[in-house]
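K.L.:
sharing a sequence plus its predicted fold:
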Amino acid sequence: MGSVIPLKKSANTAYLDLKNLLGKKVSRVEELIELKLNSEVSLIKKMSDHHLRSGGKRLRALLTLGAAKLSGYELGDRDINLAACVELIHSATLLHDDVIDESSLRRGVKTTNSIWGNQSSILVGDYLLSRCFEIMVDDGDLEILKLLSSTSAKIAQGEVLQLQHKGEADLLEDTYINIISLKTASLFSAATKTGACIASSNDKEKNALESYGKNLGLAFQIADDALDYYAKEKLFGKEIGKDFFEGKATLPLIIIFQKGNDEERSFLLEILKKDKRNEDDFSETLALINKYKAVEASLKRAEYFVNVSYDALGIFPDSEDKKILQNLTGFSLNRSF
């Protein structure tokens, strides 16, 4: 299978093309999210506004809208409502993630937990999830309710599985893929399958869009983990080395453990088991990352999932919608924001 990854310019253009294709629907999703964040408790409004305005691409909401459009949905607001629901699930999980990871920065902005504390952040995350379930109940589609509720459970399982394997430099690549399938790819696939369900698509089309989203999500997370070893915070709002200092064995570390010699593997086992890692540990690990070209190898792994995602849309007739969604698959590897 040949590479289908677009050049950086094409990949970023595909994201903007998708936003432009969906037009006013995107702003209507934002308006609905704003409405759902209304609360008599002023702190909830203040914290959720801060979190949602700290950036973010609204990619999962865009995927729901784009999948519904590709599937032929035209009349009504169900796509807008459920795109907002998907985005609220994502926002809630990020609030919880920041508490678990003790993060102080997200997309270059102070996290809610660093400003208002962990307890409030957890509860506001729960509030966002409850508002999401209100949207699902109002929609009344049991298939979508089952899909998105089970996805919320999968995300939680993925987070717990990652915690269970924290500090394991000898983590199997299969286990890593399982973790990111649960915590990241499950919501991508739910977003795209929801779009197909809204349009009452047949099972083949639902499965195709589910595969598209799942593999796009896997590629996106692998690329995001690779960013931890070369990202510029100013460009991506991501602290370089964040995963490393938290003791997470992501794909670049797994690759250097696979390729390294006995001494290098012993070093990795030792530093990941430590309660805290320092800058010297990171510099030495970064040298191994560069020695074994682990970032490049990680992106090569991600390229496979990009290709599978791209090909999953092959069953749909050629159209501008299809072309944009296929081009979007390269966004995960080549994005500049």
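P.N.:
Yep, that arrived.
K.L.:
how many other residues sit next to Asn118?
P.N.:
Asn118: 15 surrounding residues under other CB atoms under 10 Å. Where C-beta positions appear, they are placed from N, C-alpha and C, glycine not excepted.
K.L.:
ok, now which ones touch the nearest residue to it once chain neighbours are set aside?
P.N.:
Setting aside the residues directly before and after it, Asn118 is nearest to Val99 in space (CB to CB, 6 or more residues apart in numbering), at 4.7 Å. By CB atoms under 8 Å, 6 or more residues apart in numbering, the contact list for Val99 reads 113, 118, 121-122, 125.
K.L.:
buried subset of those, written for PyMOL?
P.N.:
Selection of the buried residues among the contacts of Val99 in PyMOL, burial being defined by 16 or more other CB atoms under 10 Å:
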select buried, resi 113+121+122+125
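K.L.:
strands of this structure, start to end?
P.N.:
Listed in chain order, the strands found in the chain under DSSP state E are 105-106, 109-110.
K.L.:
can you redo those as TSV with distance to Ile255, mean pLDDT and mean neighbour count?
P.N.:
Output for the strands of the chain, formatted as TSV (distance: least, CB to CB, whole Å; pLDDT from 0 to 100; neighbours: other CB atoms under 10 Å):
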stretch	distance to Ile255	mean pLDDT	mean neighbour count
strand 105-106	26	77	20
strand 109-110	31	86	14
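K.L.:
could I get these in TSV, plus columns for distance to Ser152?
P.N.:
Shown next, in TSV, are those (distance: least, CB to CB, whole Å):
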stretch	distance to Ser152
strand 105-106	20
strand 109-110	25
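K.L.:
relative to Gly217, which of those strands is closest?
P.N.:
Across those, Gly217 has its closest neighbour in strand 105-106 (18.8 Å, CB to CB).
K.L.:
circling back: including pLDDT and distance to Lys45, could the contacts of Val99 go into JSON lines?
P.N.:
Formatted as JSON lines, those follow (pLDDT from 0 to 100; distance: CB to CB, whole Å):
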{"residue": "Asn113", "pLDDT": "92", "distance to Lys45": "17"}
{"residue": "Asn118", "pLDDT": "92", "distance to Lys45": "19"}
{"residue": "Ser121", "pLDDT": "92", "distance to Lys45": "14"}
{"residue": "Ile122", "pLDDT": "94", "distance to Lys45": "17"}
{"residue": "Gly125", "pLDDT": "92", "distance to Lys45": "14"}
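K.L.:
and of the contacts of Val99, the nearest to Lys273?
P.N.:
Closest to Lys273, out of all of the contacts of Val99 and judged by CB to CB, is Asn118, at 25.0 Å.
K.L.:
farthest pair within the contacts of Val99?
P.N.:
Asn118 and Gly125, at 10.6 Å, using CB to CB across these.
K.L.:
returning to what we had before: looking at the strands of the chain, which is closest to Gly158?
P.N.:
strand 105-106 (18.6 Å).
K.L.:
paired strands for the closest one, with orientation please.
P.N.:
Strand 105-106 pairs in its sheet with strand 109-110 (antiparallel), by DSSP bridges.
K.L.:
show me where the stretch 201-337 of the chain has helices.
P.N.:
With DSSP state H, counting those that start in this stretch, the ranges of helices along the stretch 201-337 of the chain come out as 203-227, 233-236, 242-245, 251-259, 262-273, 279-291, 294-312, 320-328, 331-334.
K.L.:
could these go into TSV alongside distance to Leu142?
P.N.:
TSV is the format used below for those (distance: least, CB to CB, whole Å):
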stretch	distance to Leu142
helix 203-227	15
helix 233-236	39
helix 242-245	38
helix 251-259	37
helix 262-273	44
helix 279-291	47
helix 294-312	25
helix 320-328	27
helix 331-334	32
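K.L.:
per-residue pLDDT, Thr175?
P.N.:
Thr175 is assigned a pLDDT of 97 by the prediction.
K.L.:
oops, could you answer that again for Lys242 instead?
P.N.:
87.
K.L.:
quick check: it touching Leu227?
P.N.:
No: counting by CB atoms under 8 Å, Leu227 is not a contact partner of Lys242; they are 9.4 Å apart.
K.L.:
show me which of the two is the more surrounded one.
P.N.:
A count of neighbours by other CB under 10 Å puts Leu227 above the other of Lys242 and Leu227, at 20 against 17.
K.L.:
contacting residues around Gln221?
P.N.:
180, 183-185.
K.L.:
in a markdown table, list the residues you listed along with distance to Glu40, pLDDT and neighbour count.
P.N.:
Shown next, in a markdown table, are the contacts of Gln221 (distance: CB to CB, whole Å; pLDDT from 0 to 100; neighbours: other CB atoms under 10 Å):
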| residue | distance to Glu40 | pLDDT | neighbour count |
| --- | --- | --- | --- |
| Ile180 | 38 | 98 | 22 |
| Lys183 | 33 | 96 | 22 |
| Thr184 | 34 | 97 | 22 |
| Ala185 | 37 | 98 | 23 |
